[in-house]
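Trainee: Below is the structure, and that's it, no one-letter string:
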Ligand SMILES: Nc1nc2c(ncn2[C@@H]2O[C@H](COP(=O)(O)OP(=O)(O)OP(=O)(O)O)[C@@H](O)[C@H]2O)c(=O)[nH]1
């Protein structure tokens, strides 16, 4: 067996390590004793230069350079300080020496410069990815806070002080988001030329300026104004248009220059910020249209209130009716999301319910429009007139109907008043000539159907003029009112009495068909009129001449019947004039 020569390191290190490694032995006091040729390569010095030298003179501890969780370097990390291989990193590992009686230390030297750099790059990349992931998972509730926190995370990750998002508009830098609350304010502006963003927006890519002082940008006004020594920024695109910048800067010079990963990080961040701003814009527009919609709904409700107009929506399948607030309000109903169709119909006055159902059915089956005036009974028992209009919702399922309801109680009442005034005598409250003829027409048609008969009385007061002349018009009016009341009380409910004009009254008496039967009624009327009418302290006396005509024996048309009765009255009056009449002078002056 060949005897091992321990005078040369490779020979014996072969037994426990890779001969390609750099090996060195140092004495206990640290001086280089033996070395192989790889050592010279790693340390950049010849064996002659190294032998007898202290390793500590050329290797300085570089623990800070060791990447987190130092699992990739065996031994201790040193930086080489011999002026030949700047920035070289050497891992020094002490290996137990297998030789008996060995005095000194056996060290394996490994050049780990590239390894450490690769690891640091990997970690930096990981840091940025983690930061991006953190930013993207920030709470979405407050987008402004989202952007501000992204600026803070970005600045921290890049080792810079400030993170800024700007909107560039008409040559002005407008601050949108930042990580310096209390120092900067949203909406704060600077002339674009005084910011590095003026350069950033012109460059299509990320602009990184560090170490700053070595750059020509030191002449930029931003440096003289703000003194930022490190800057990295990317153009910000929103909806496909250049919108502003995302930038990070620091007054303190960053020790390292920005690398590829920093640039990619800022680029991605700018893209993400652009997306957030796009969403903010869309949300803003949505909010605006939502606000507009709300305002319109409010205006519609106000319009409904002012117009006393409500709307309704009926679902024939669900048999529910949705009533607008105003509709519920004028029906005196509590606010409810919907009402059963039965509940709604119960509010319609019984007399009008059939008309409503007829129109509802027609609308549902053939699409005709609903349009009717009906009475509805409010929750507190009042009757309200409503004009109801509606139609089938053609775009939707056809079992849905939509319509409006207008409270027309006031106009209906006014209309009724006008109608009453047009058909009644304002002094006596009796029906007037217009309605009298209308009633006559009705009675004729009724009798035509049933082969019936009736009589028309023409009642003209005697010597009425004297009352006016002696006691004044007021007295005459009082007499007319009293005569109206007395005539009404002398007749049946089924009879009709009205004022024909002046001191003339007409009565329609159904069923009366001959003069004999009529005689007792005429006597009854005259007796009623006999009683004196009090006017102040005076007593006024009145009498009347009554003419009569019969349907159908005398005439079959309203005006003919009236004319006949009038003629008859005239004859009666003439006859009475020739007789002694105590009333003739009763009211005379
Ligand atoms: N106070 C009052 N007088 C009225 C009203 N309408 C008509 N007259 C008067 O009633 C009178 C009716 O005239 P006439 O029928 O000729 O008077 P008369 O005295 O009853 O005559 P004879 O019927 O022939 O007895 C007129 O003087 C009218 O001015 C009214 O609303 N109020």
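Mentor: That came in fine, so what should we check first? Note that this is a predicted model, so its numbers are computed, not measured.
Trainee: What separation is there between the residue most central in space within the chain and the ligand?
Mentor: By Cα atoms, centre = their mean, the chain has its centre lying nearest to residue 294, at 3.6 Å. Residue 294 is 62 Å from the ligand, where distance means Cβ to the nearest ligand atom, to the nearest Å. (Each C-beta comes from the backbone N, C-alpha and C, glycine too.)
Trainee: So which bits of this structure are right by the ligand?
Mentor: With Cβ under 6 Å from any ligand atom as the criterion, the chain meets the ligand at residues 427, 460-465, 468, 473, 476-477, 480, 502-503.
Trainee: Mind telling me what element the residue nearest to the centre of the chain is part of?
Mentor: Using DSSP states H and E, residue 294 sits within helix 260-307.
Trainee: ok, then the element right after that helix?
Mentor: Sequence order places strand 309-315 as the next helix or strand after helix 260-307, per DSSP H and E.
Trainee: So what angle separates the directions of that following strand and helix 260-307?
Mentor: Angular relation of strand 309-315 and helix 260-307 on a 0 to 180 degree scale: 110 degrees, by axes from the mean of the first three to the mean of the last three Cα atoms, to 10 degrees.
Trainee: Can you list the strands that the next helix or strand after strand 309-315 pairs with?
Mentor: Later in the chain than strand 309-315, the nearest helix or strand by DSSP H and E is strand 320-323. In the sheet, strand 320-323 lines up against strand 309-315 (antiparallel), strand 339-340 (antiparallel) (DSSP bridges).
Trainee: Name the residues that touch strand 320-323?
Mentor: 310-315, 331, 333, 336-341, 343-344 (Cβ atoms under 8 Å, 6 or more residues apart in numbering).
Trainee: Please identify the most buried of the strands paired with strand 320-323.
Mentor: Among the strands paired with strand 320-323, strand 309-315 has the highest mean neighbour count (mean count of other Cβ atoms under 10 Å), at a mean of 20.
Trainee: if we can go back for a sec, now, among the contacts of strand 320-323, which is nearest to the ligand?
Mentor: Relative to the ligand, the closest of those is residue 331; by Cβ to the nearest ligand atom it sits at 44.0 Å.
Trainee: didn't the closest one look like it was pressed against residue 384?
Mentor: Yes. With contact defined as Cβ atoms under 8 Å, residue 331 and residue 384 form a contacting pair (7.2 Å).
Trainee: what's the overlap in contacts for those two?
Mentor: Residues touching both residue 331 and residue 384 (Cβ under 8 Å, 6+ apart) are 376, 378.
Trainee: what ranges do the strands span in the stretch 401-550 of the chain?
Mentor: Counting by DSSP state E, counting those that start in this stretch, one finds strands in the stretch 401-550 of the chain at the ranges 454-462, 496-501, 504-510, 533-535, 538-540, 543-551.
Trainee: Can you give the contact residues for the second one?
Mentor: This means strand 496-501. The contact list for strand 496-501 (Cβ under 8 Å, 6+ apart) reads 425, 427-428, 430-433, 435-436, 439, 443, 458, 480, 484, 487-488, 491, 505-508, 562.
Trainee: Would you mark the buried spots in it?
Mentor: 496-500 (16 or more other Cβ atoms under 10 Å).
Trainee: And it, how far out from the chain middle?
Mentor: 62 Å (Cα atoms, centre = their mean, to the nearest Å).
Trainee: pLDDT (mean, whole number) over that strand?
Mentor: Strand 496-501 carries an average pLDDT of 96.
Trainee: can you check the fifth one too?
Mentor: With pLDDT averaged residue by residue, strand 538-540 scores 89.
Trainee: partners of it, with directions?
Mentor: Here, using DSSP bridges, strand 538-540 pairs with strand 533-535 (antiparallel).
Trainee: and if you look at the last one?
Mentor: The partner list of strand 543-551 in its sheet, established with DSSP bridges, is strand 454-462 (antiparallel).
Trainee: Between strand 504-510 and the partner strand, find me the angle.
Mentor: Angle of strand 454-462 versus strand 504-510, following the same axes, to 10 degrees, is 160 degrees.
Trainee: Residue ranges of each domain in the protein, please.
Mentor: 9-111, 124-283, 308-413, 424-578 (automatic domain parsing).
Trainee: Pull the residues that contact stretch 406-417.
Mentor: Residues outside stretch 406-417 that contact it (Cβ under 8 Å, 6+ apart): 307-310, 330, 373, 383-389.
Trainee: Quick check: buried residues in that stretch?
Mentor: So stretch 406-417, judged by 16+ other Cβ under 10 Å, has buried residues 406-409, 412.
Trainee: just these now: which is nearest the ligand?
Mentor: residue 412 (30.0 Å).
Trainee: For residue 135, see how far away that closest one is.
Mentor: Applying Cβ to Cβ, to the nearest Å, the value for residue 412 to residue 135 is 68 Å.
Trainee: Also residue 315?
Mentor: Distance of residue 315 to residue 135, computed by Cβ to Cβ: 49 Å.
Trainee: Identify the residues contacting whatever residue of the chain ends up closest to the ligand.
Mentor: As assessed by Cβ to the nearest ligand atom, the ligand sits closest to residue 476 within the chain, at 2.4 Å. Going by Cβ under 8 Å, 6+ apart, residue 476 touches 464, 467-468.
Trainee: circling back: nearest to residue 290, of the domains of the chain?
Mentor: Closest approach to residue 290 among the domains of the chain is made by domain 124-283 (9.8 Å; Cβ to Cβ).
Trainee: Can you get me the start-to-end distance on the closest one?
Mentor: The straight-line separation of the ends of domain 124-283 (Cα to Cα, to the nearest Å) is 35 Å.
Trainee: Let me see the mean pLDDT of it.
Mentor: The model assigns domain 124-283 a mean pLDDT of 85.
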